[in-house]
Every structure is written in structure tokens, then in C-alpha cells.
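Novice: Structure for the following, please:
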Amino acid sequence: MIKDKMKIHPEVARALKEGRPVVALESTIISHGMPYPENIETARALEHIIRENGGIPATIAIIEGVAKIGLTPEEMAFMAVSKDILKVSRRDLPEVLGLGKNGATTVAGTMILADLAGIRVFATGGIGGVHRGYDKVLDISQDLEELSRTNVAVVCAGVKSILDIRSTLEYLETKSVPVYVYQSREFPAFYSRKSGIPWDFEVADLADLATILKTKWDLGFDGGVVLANPIPAASELDFEMMNDLIIEALKKAGDLGIEGKAMTPFLLDEVKSLTRGDSLKANIALVANNALVATQLAVALAKK
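Specialist: Numbering: from 1, shown residues only. Okay, here's the model as predicted:
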């Protein structure tokens, strides 16, 4: 990458040089995924969880055309309150970096920059995927293509529940992306531990997954790995209730003509409103749990 387009925080650079565990975090959750002040409170909490469990956090964002791998407190505050933050995936990187713009990285955008920096583990809320109603509009997240080619393990609570989970899993299989579930034989549904989708690829021990990752990349098999980490039982929401609310939110989005990049933020905000804030609380709980498990995975991988 062009040297003047990436700046790695000294703490992160030092950890990478010494082979210590580093966990990437996205910035879309700060700028687009949560309201203020929950966004910055959650971002700070995630970094604290990673440090508390033996890792170094690297929250990734683009500020004035420079990819920041690890943010200062001032930069994180800027991402939390600024209104001119673009949502950045692979397609958008040349524009945002080249023209000196500000951008919050999606799962795909974060994976790319983490890979360029040498970070192999990334914690997020949920990955993008195949949208419901894709038979009418072929809307498939760039996250899935990135997972097929970029060498980063993504720890998430599964596919965002506003999406078509089964179709997303089929797409990932077609792209040869390994998808594991942590300590469960059922694929989680983001807000819920249950989706009704049984899953054979369970990982009970993160040391085993670290071995799988090392073997995959040592073989030269490019691409990421998904570790679906079910939301803690105490924080989960009823699957059927959430599905009904999502269908209601999707209908409203259709009536308003909302599509493209605006769809996911709209649906998340609408679901938050319909659940009277319960979905936001669940989102915060699940991403915190993902940060914990991602750090444990990064620690295991650093020992390989």
C-alpha cells in the first residue's frame, strides 16, 4: 500500500513486530451502526475488553484520506460525532483514500486494511450477506466476496438478522469460505442463539481453530474464515419476534423506496425503535462477546 495512505498506531505496530495478538475492529459500528453516545462508549469498551484479555486493539478508519490502523481517543471521538463520514467497502477505498475523504470501514473494508497491516483476527457484530428478496433485486454484500479472498478470521454473531441467512451460508459455501460456530451445533441469528439452521462445523476449542487458520494460510489457500459466536443467552431476543419485526421494517423500507447502502442503517434503526431499544442493548452485548472471543483466538494464533 502507498506509505502515505496508511498510518499504523505505534502501539499496534509494536505488537505486530513482536508477534503479539492484535484484534481489528471496524468503524462503521461507530459512525453508522449506533447512536451517540452508545457508539463511542461501545468502541471504548471493546478496546478495553481486548486489552484486558491479552490483546492489542486496532480500530480501523479513514481520516482525511489516510487509513488509520488503531485510533487515538481524539480520532475515535471524531468518528463518533462527525456527520461527513462515508461508509467504505473495497469499491469505495480508491475514492476515499485518493480524494482525502473520511470513511468508516465496513466488514470488507476493515478486512482489507487489517490484511495490509498484517492483522489476522477481526471482531465485528455481524457480517453482511444476501438480502431478503434478492430474487427481485440482486443485493449481495461485498463482505462475502472479501471473505473469499482476504486472509482474516472474522468473529461475529452470525449474519445480520435483517438478511437471508440460509442464502448467505450457501453463497459462502460456493466461495469455499469455512464457516464455524463456536460451541454450538446451530447457526446463530445475530440477536438470537437460534435460527433453526443446524450446523455441523462446530469449534469447541479456539486453539483448534487457530491451527485450522494457520494450516489454511500455510497451504496458500487465500480467503477468510467466519467464526459465528452466539450472543450470550442472557442478552438474546426471541427469534420469531425479531423476524416478524424485521419483516415489518423491510415493508416500511420498500414503501419509502430505501435501498442500497441506506438499507442496513435504516433497518437497524427501525428495529431499534420497534423493540424500544432492546435490539441496541443486544447488539452491544453480542459485539462485546465477539471482542472477547476474537482476542482469545488471536492469543491462540500468536502461539502457533
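
Novice: show me what contacts residue 290?
Specialist: Taking CB atoms under 8 Å, 6 or more residues apart in numbering, we find residue 290 in contact with 123, 124, 125, 155, 156, 157, 229. Backbone N, C-alpha and C define where each C-beta goes, glycine included.

Novice: Go again with 10 Å.
Specialist: With contacts defined as CB atoms under 10 Å, 6 or more residues apart in numbering, residue 290 is in contact with 23, 25, 46, 49, 122-126, 154-157, 182, 227-229, 231.

Novice: Same question for residue 151.
Specialist: In this structure, residue 151 makes contact with 111, 114-115, 118, 120, 213, 216-217, 221-225, judged by CB under 10 Å, 6+ apart.

Novice: Restricted to strands, list those residues.
Specialist: Residues from these lying in strands, with DSSP state E as the criterion: residue 225.

Novice: Give me the buried subset of the contacts of residue 151.
Specialist: Neighbour counting over the contacts of residue 151 (16 or more other CB atoms under 10 Å) leaves 111, 114, 115, 120, 213, 216, 223, 224, 225 as the buried ones.

Novice: Widest-spaced pair of the residues you listed?
Specialist: Greatest spatial distance among those (CB to CB): 114 and 216, at 16.5 Å.

Novice: still on that earlier bit, return the member of the buried ones among the contacts of residue 151 nearest to residue 302.
Specialist: residue 120 (9.2 Å).

Novice: Where helices are concerned, which of the buried ones among the contacts of residue 151 count?
Specialist: Secondary structure from DSSP state H places 111, 114, 115, 213, 216 of the buried ones among the contacts of residue 151 in helices.

Novice: can you redo the residues you listed as JSON lines with distance to residue 77?
Specialist: Shown next, in JSON lines, are those (distance: CB to CB, whole Å):
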{"residue": "111", "distance to residue 77": "25"}
{"residue": "114", "distance to residue 77": "22"}
{"residue": "115", "distance to residue 77": "27"}
{"residue": "213", "distance to residue 77": "34"}
{"residue": "216", "distance to residue 77": "38"}
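
Novice: What is the nearest of these to residue 148?
Specialist: The shortest approach to residue 148 among those belongs to residue 111, at 10.8 Å (CB to CB).

Novice: OK, contacts around that closest one?
Specialist: Taking CB under 10 Å, 6+ apart, one finds 24, 26, 60, 89-90, 105, 119, 122, 124, 127, 142-143, 146-147, 149-154, 224 in contact with residue 111.

Novice: Return the alpha-carbon coordinates of stretch 290-300 using CSV.
Specialist: Presented in CSV, the C-alpha positions along stretch 290-300 are these (Å, rounded to 0.1, in the frame of the first residue of the first chain):
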residue,chain,number,x,y,z
ASN,A,290,-17.3,-11.2,20.0
ALA,A,291,-14.4,-9.0,21.0
LEU,A,292,-13.7,-11.3,23.9
VAL,A,293,-13.7,-14.5,21.8
ALA,A,294,-11.7,-12.8,19.0
THR,A,295,-9.0,-11.8,21.5
GLN,A,296,-8.8,-15.4,22.8
LEU,A,297,-8.5,-16.6,19.2
ALA,A,298,-5.7,-14.0,18.4
VAL,A,299,-3.9,-15.1,21.6
ALA,A,300,-4.1,-18.8,20.4
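
Novice: ok so, going back, among the contacts of residue 290, name the ones in strands.
Specialist: Using DSSP E, the contacts of residue 290 in strands are 23, 25, 122, 123, 154, 155, 156, 182, 227, 228.

Novice: Residue 109 touches residue 32, doesn't it?
Specialist: No. With the criterion set as CB atoms under 10 Å, residue 109 and residue 32 do not qualify as a contacting pair; they are 11.9 Å apart.

Novice: who has more neighbours, those two?
Specialist: Per other CB atoms under 10 Å, whichever of residue 109 and residue 32 has more neighbours is residue 109, with 29 against 20.
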